[in-house]
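Visitor: What shape does this take:
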Amino acid sequence: MQITAMDQARDLDAVLAIEQASFTNPWTREMYLSEFAHSRVSHFYVVRDDEGEVAGFCSIWLVVDELHINNVAIRPESRGRGWGAALVTHVLREGARLGARRATLEVRRSNEAARRLYRRLGFELVGTRRNYYTHPVEDALILWREGLVPDGRIGPKPA
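Guide: Predicted structure coming up:
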């Protein structure tokens with residue numbers, strides 16, 4: 001497993017395939033191209049398997065001192081290997097290195113696996129966006145992680 005910044009030309013098709021397999025309302029190629037055009041704010045990371053193929057991705061916005069995690073997904077056949085945790089941990093460290101002091105994201109209320117992961121990584125529930133998601137309509141839980149510091153410990157909380 002290796003985590004790198006996303007190479008738009010090399011990785012976009014693989015990211016779009018994972019997006020399609022993972023979300024009921026996936027981002028489109030046009031949405032990604034728009035995000036790439038705002039590279040001062042938008043950043044993308046991929047996790048690669050041992051063959052160098054994209055196995056997952058994370059897209060973020062860095063706004064002043066806040067890291068906004070937009071999308072995280074691991075291809076279905078690669079889930080359960082800890083790659084999602086490694087990817088989000090990498091993104092939190094990279095965000096802190098770039099000046100983020102806290103991180104936020106939304107997650108479907110029903111996505112128990114993601115909620116467990118984010119809780120282990122120090123995210124706390126601070127609110128709800130009613131009917132935020134479509135296909136099916138569902139609330140989003142708003143999570144925040146405070147205290148990102150450069151070179152600080154970012155990762156799962158000890159059990």
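
Visitor: Who does G127 form a beta bridge with?
Guide: I142 (DSSP bridges).

Visitor: State whether it and I142 are indeed in contact, as I suppose.
Guide: Yes - between G127 and I142 there is a contact under Cβ atoms under 8 Å: 4.2 Å. C-beta: built from backbone N, CA, C; applies to glycine.

Visitor: ok now the helix or strand hosting T4, how far from the chain's centre?
Guide: Per DSSP states H and E: T4 is located in strand 2-5. Computed by Cα atoms, centre = their mean, to the nearest Å, the chain-centroid distance of strand 2-5 equals 13 Å.

Visitor: for that strand, packing partners?
Guide: The helices and strands touching strand 2-5, judged by 3 or more Cβ pairs under 8 Å, 6 or more residues apart in numbering; DSSP states H and E, are strand 42-48, helix 83-97.

Visitor: As a check, name the ranges of all helices in the protein.
Guide: Along the chain, the segments classed as helices by DSSP state H run 8-22, 29-36, 83-97, 112-120.

Visitor: Which of these has the highest mean neighbour count?
Guide: Stretch with highest mean neighbour count among those: helix 83-97 (a mean of 20; mean count of other Cβ atoms under 10 Å).

Visitor: Could you export that helix as CSV, CA atoms only?
Guide: Taking Å, rounded to 0.1, in the frame of the first residue of the first chain, the C-alpha atoms of helix 83-97 are listed here in CSV:
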residue,chain,number,x,y,z
TRP,A,83,-6.5,1.3,3.9
GLY,A,84,-9.3,3.8,4.6
ALA,A,85,-7.9,4.5,8.1
ALA,A,86,-4.4,4.9,6.7
LEU,A,87,-5.6,7.2,3.9
VAL,A,88,-7.6,9.5,6.3
THR,A,89,-4.7,9.6,8.8
HIS,A,90,-2.4,10.6,5.9
VAL,A,91,-4.8,13.3,4.9
LEU,A,92,-5.1,14.7,8.4
ARG,A,93,-1.3,14.8,8.7
GLU,A,94,-0.9,16.4,5.4
GLY,A,95,-3.6,18.9,6.2
ALA,A,96,-1.9,19.8,9.5
ARG,A,97,1.4,20.3,7.6
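
Visitor: mean confidence score for it?
Guide: For helix 83-97, mean pLDDT rounds to 94.
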